[in-house]
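Visitor: Requesting a structural model of the entry that follows:
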Amino acid sequence: MSVDSYFPKSLSVPKKFLLSAAAATFFLCSSQVNAGDFKLSVQIPVINVAEYHRPYVAIWIANPDQSVAMNLAVWYDLKLADAEGSKWLKDIRQWWRRTGRTLEMPADGIAGATRAQGTHEIDYSAQLAALPDGEYRLFVEAVREVGGREMLDIPFAWPPRQEQSVTAKGETELGTILLTLTP
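Guide: Purely as a prediction, here's the structure:
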């Protein structure tokens, strides 16, 4: 199919200009989509107790002023009758105070079931494509019924200018959190 078939003959703008504009638009859109890779590894440690409950976990990104730039995930018990699991989201205190109470749960794209003990790999690259350039902090907060609570944070710059791996290590409810950024 020729270029002429895409543009009407009555079009007064030169086709060369339109093709250049289309190429520039494609480049700008694709560079935003390919801003970088944001991969997260969250370890939920093995805890040997008589009554173990999987933790509720919230993962979000904050601006330098601590306002929430983006919610990435909230893992909680989605299967309880009458949405009973969402009633306990307020126990993820920092997340709840900053953004959770304003969300209607389950929120599309971020709400998910609690995770078992072990290491969970998540690629959030697509979600961060819309994040403006800047300095941020990644927060991971966990709370467990008949257990404790813990929050870890990792500073990072977006988009990444070089490959970088940053870790934070929890003491009770969270194990190692590994953030891997690649341009």
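
Visitor: mind checking pLDDT for the residue positioned nearest the centre of the chain?
Guide: Centroid check for the chain by Cα atoms, centre = their mean gives L72 as the closest residue, at 2.9 Å. pLDDT recorded at L72 is 97.

Visitor: do the same with the one 3 residues further on
Guide: Here, the pLDDT recorded for W75 equals 95.

Visitor: rewinding a little: so what does the residue nearest to the centre of the chain look like in phi/psi?
Guide: In this entry, L72 is assigned phi and psi values of phi -100, psi -40 (degrees, to the nearest 10).

Visitor: Grab the nearest non-local neighbour of it.
Guide: Nearest-residue entry for L72: I59, 4.4 Å, with adjacent residues in sequence omitted and distances by Cβ to Cβ, 6 or more residues apart in numbering. All C-beta atoms are positioned from the backbone trio N, CA, C, and that covers glycine.

Visitor: which residues does T167 form a beta bridge with?
Guide: The residues paired with T167 through beta bridges, assigned by DSSP bridges, are L178.

Visitor: Where does pLDDT dip in the chain?
Guide: Scanning the chain with the threshold set as pLDDT under 70 gives 1-34, 80-84.

Visitor: returning to what we had before: is the residue nearest to L72 in contact with L138, as I believe?
Guide: Yes - at 7.4 Å, I59 counts as touching L138 under the criterion of Cβ atoms under 8 Å.

Visitor: what about Q164, neighbour count?
Guide: Neighbour count of Q164, defined by other Cβ atoms under 10 Å: 14.

Visitor: Roughly how far does the closest residue to it other than its chain neighbours sit from V166?
Guide: Of all residues not flanking Q164 in the chain, L181 sits nearest, at 4.7 Å (Cβ to Cβ, 6+ apart). Shown here: L181 relative to V166, a distance of 8 Å by Cβ to Cβ, to the nearest Å.

Visitor: Overlap of the contact sets of I59 and L138?
Guide: Contact with both I59 and L138 is made by residues L40, according to Cβ atoms under 8 Å, 6 or more residues apart in numbering.

Visitor: before we move on, back to that, quick one, which of L181 and V166 is more surrounded?
Guide: Neighbours around L181 and V166, counted as other Cβ under 10 Å, are more numerous at L181. The numbers are 22 against 13.

Visitor: and that one, that one's in a strand?
Guide: Yes - counting by DSSP: H, G, I helix; E, B strand; the rest coil, L181 is located in a strand.

Visitor: isn't it right next to P155, touching?
Guide: No - in this structure, L181 is not within contact of P155 by Cβ under 8 Å, at 11.4 Å.

Visitor: Tell me the residues that contact both of these two, please.
Guide: With Cβ under 8 Å, 6+ apart applied, the overlap between the contact sets of L181 and P155 consists of V166.
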